[in-house]
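J.: How does the following fold in three dimensions:
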Amino acid sequence: MLYATEVLGNFSVTLYRIRETHLSNSMAVSTNYFRIPVLNLAFRNKPTSHITRMTCCCSVEAKSVGVGGDVFSVTSSSKSDVDYLGESTKGDLNLKQEHLQAFGIDSQTTLEGPIEQVARVEAEEAENLLRDLGIPSPSSSRHSPRGIFCSRTLNLRSISAIGYDMDYTLMHYNVMAWEGRAYDYCMENLKNMGYPVDGLAFDPDLVIRGLVIDKESGNLVKADRFGYVKRAMHGTKMLSTRAVSEMYGRELVDLRKESRWEFLNTLFSVSEAVAYMQMVDRLDDGAISAELGPLDYKGLYKAVGRALFRAHVEGQLKSEIMSKPELFVEPDPELPLALLDQKEAGKKILLITNSDYHYTDKMMQHSFNRFLPNDMGWRDLFDIVIVSARKPEFFQMSHPMYEVVTGEGLMRPCFKACTGGLYSGGSAQMVENSLDIHGDEILYVGDHIYTDVSQSKLHLRWRTALICRELEEEYSALIRSRGHRASLIELINQKEVVGDLFNQLRLALQRRTRERPAQTLAATTMGDQELTESMQKLLIVMQRLDEKIAPMLEADGELFNKRWGFLSRAGLWDKSHLMRQIEKYADIYTSRVSNFLHYTPFMYFRSQEQTLAHDAYSQHDSQLDDGDAYSQHDSQLNGNIIDN
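T.: A predicted model of the protein is given here:
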């Protein structure tokens with residue numbers, strides 16, 4: 001019931017007494033109070049009783065919004081426009097003018113005073129209310145390992161359908177268990193083919209996502225955003241900085257050259273890369289029998305690929321996982337609820353996976369059903385389910401579509417998907433036509449940069465989200481390494497200052513040998529001995545600094561991975577090739593789908609300022625505290641980049 005009204009400046013803040021009610025309509029004993037800021041629909045000159053009546057009326061009517069009340073309207077697709085950032089306003093909630101006019105209110109004059117002042121007060125009230133309700137603000141949510149990070153501005157309100165991949169997206173596998181078993185089956189197949197695999201064991205720390213296999217050299221490399229190789233490993237042995245420079249000084253990683261470079265797009269790549277690098281060692285040691293034919297590194301890669309492919313095709317691996325999913329799947333109770341929020345907000349929810357029907361049904365039942373309310377099943381969440389989708393071809397061309405009509409997986413041909421249907425094959429174009437939703441009205445969420453994210457973006461202009469579970473560990477490692485990085489940067493800055501002076505003195509000495517005056521009068525009159533001794537001292541300082549800086553640079557990122565450093569970085573200052581791909585193709589990225597639960601289905605994700613080489617860093621950095629400096633997954637990771 002309405003308790004009281006107090007007028008604060010240009011706003012009415014209504015105090016409500018909230019009584020908890022049971023389904024039996026009995027009143028609860030406890031009474032809670034909280035402050036709700038509402039628009040001051042009354043003018044100052046009107047009596048207080050009118051202010052109270054107007055505020056109460058709007059508050060009561062607002063309850064009917066969810067069932068089509070008279071207060072608000074949702075922008076229709078036929079009237080959609082773009083906002084000042086170029087994002088569609090489709091799906092935005094608007095006040096109905098006729099509702100205001102019924103009370104003789106002009107929406108243009110309702111808010112008294114400059115909008116800057118009004119907004120400042122309203123923002124403060126909103127922050128207070130969020131805090132009182134125990135709801136974290138979106139800004140605080142993204143300043144965490146579970147945040148959603150934005151590369152390209154995305155208005156979720158304008159999204160009509162959200163499609164999801166399944167493996168490593170809607171469900172996360174225990175990497176040691178899943179990839180370990182894939183590795184075991186791969187090695188067993190290699191052994192049956194005659195390859196020496198005795199004594200080898202799965203080592204998930206050997207590789208990370210985003211590395212690139214050089215199939216011509218038997219190397220695994222980490223490249224920066226420009227394609228320059230920064231670290232490399234031959235077999236299982238890391239190469240020195242000098243060896244990397246000699247081997248790749250004139251080479252750039254170009255992912256378009258698929259015959260040479262193989263990008264590790266997903267966690268599914270871990271088992272294959274580990275097996276290949278270990279077999280490179282065996283090839284170098286001469287342990288592979290000549291009876292298998294003359295093998296080079298590229299031929300060896302094909303052999304490992306065939307062995308792993310057999311493990312998947314023959315069904316041994318998935319049969320084992322289906323029999324004991326609890327050993328391989330890490331449950332996420334929040335995930336089904338995040339999708340339920342999106343569905344109830346009016347989004348069409350789609351599942352588009354390359355996995356077959358039986359595997360999909362088994363794994364989704366295990367991961368979803370126990371966490372859904374009111375005896376819902378996982379199928380109730382999705383408007384359309386497509387299995388055996390054959391991505392990336394699903395996004396590139398048209399394939400026949402079949403409807404799965406029985407629990408045993410029997411199918412019949414069809415040409416259009418219907419709400420609630422379960423299908424096999426087909427194409428993204430069929431999905432668009434069936435839903436009458438196209439292009440940037442669809443958001444697709446997956447873990448594979450190429451199969452899921454880049455292809456849906458390039459061919460259909462769908463909006464995209466990348467799931468990268470390692471971000472949680474990386475974010476935490478970045479925070480823990482702040483002290484190390486601060487010390488390292490301080491040493492580098494000191495060397496830069498010392499080096500600037502050394503270079504100026506070196507130039508003065510160079511001019512003196514040519515009998516020309518130095519840059520300044522003081523430098524010109526400086527004695528020969530003083531000039532030489534100063535340069536000698538500065539040179540020793542720089543050399544000592546190098547001895548300190550070099551191992552610290554090598555250790556940067558070891559809190560994430562001792563061999564390869566951070567996932568998103570290639571060296572202290574630059575982004576990795578993986579980060580380049582993420583920023584180019586993924587509008588948003590996060591560690592898990594359930595992170596959407598910490599936001600709302602109406603969230604407006606706005607990309608951060610992109611720093612440029614000629615920006616005033618000193619002024620910018622002075623305004624950042626430690627928390628801001630590492631917000632948005634470290635603001636230095638959000639620059640726009642150009643792909644090959």
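
J.: Just say helix, strand or coil for the residue of the chain positioned farthest from its centre.
T.: Here the chain reaches farthest from its C-alpha mean at E515, the gap being 60.3 Å by CA atoms, centre = their mean. Taking DSSP: H, G, I helix; E, B strand; the rest coil as the rule, one finds E515 in the coil state.

J.: And for W178?
T.: helix.

J.: Could you pull up the residues touching the nearest residue to it once chain neighbours are set aside?
T.: Distances taken as CB to CB, 6 or more residues apart in numbering put F328 closest to W178, at 5.0 Å, once the chain neighbours are dropped. Bear in mind the C-beta positions are built from the backbone N, C-alpha and C, glycine included. By CB atoms under 8 Å, 6 or more residues apart in numbering, F328 lies in contact with Y173, N174, A177, W178, R181, I321.

J.: Could you report the pLDDT at the closest residue to R461 other than its chain neighbours?
T.: Leaving aside its chain neighbours, R461 sits nearest to G439 (4.6 Å; criterion: CB to CB, 6+ apart). In this model, G439 is scored at 92, pLDDT.

J.: How about H399?
T.: Predicted confidence (pLDDT) for H399: 91.

J.: That one is in what secondary structure piece?
T.: Counting by DSSP states H and E, there is no helix or strand that carries H399.

J.: That one - nearest residue in space that isn't next to it in sequence?
T.: In this structure, H399 finds its nearest non-sequential neighbour in G425, 4.9 Å apart by CB to CB, 6+ apart.

J.: mind checking how far the one you found is from N433?
T.: 15 Å (CB to CB, to the nearest Å).

J.: go on, E87?
T.: 25 Å.

J.: So those two - more neighbours on which side?
T.: E87 (19 against 14; other CB atoms under 10 Å).

J.: Tell me who's in contact with the closest residue to that one other than its chain neighbours.
T.: Sequence neighbours aside, N155 is the residue nearest to E87 in space, at 4.2 Å (criterion: CB to CB, 6+ apart). Contacts here follow CB under 8 Å, 6+ apart; on that basis N155 touches D83, E87, S88, T89, G91, Y604, F605.

J.: Could you work out the most separated pair of those?
T.: Between any two of the contacts of N155, the greatest separation by CB to CB is 15.0 Å, found for T89 and F605.

J.: More neighbours: which of these two?
T.: A count of neighbours by other CB under 10 Å puts F605 above the other of T89 and F605, at 20 against 15.

J.: What does that one show for phi and psi?
T.: Main-chain dihedrals, F605, degrees, to the nearest 10: phi -80, psi 120.

J.: Thought A586 was touching it, still the case?
T.: No - shown here, F605 and A586 do not form a contact pair, counting by CB atoms under 8 Å, at 11.5 Å.

J.: Neighbours of I208, how many?
T.: Residue neighbour count, defined by other CB under 10 Å, stands at 25 for I208.

J.: can you pull the buried residues of the strand or helix carrying E530?
T.: Assigned by DSSP H and E, E530 falls within helix 528-555. For helix 528-555, burial by neighbour count (16 or more other CB atoms under 10 Å) applies to L531, M535, L538, V541, M542, L545, I549, M552, L553.

J.: Report the mean confidence score over that helix.
T.: For helix 528-555, mean pLDDT is 94.

J.: Same question for stretch 245-252.
T.: Rounded mean pLDDT across stretch 245-252 is 94.

J.: and what of stretch 468-481?
T.: The predicted model assigns stretch 468-481 a mean pLDDT of 95.
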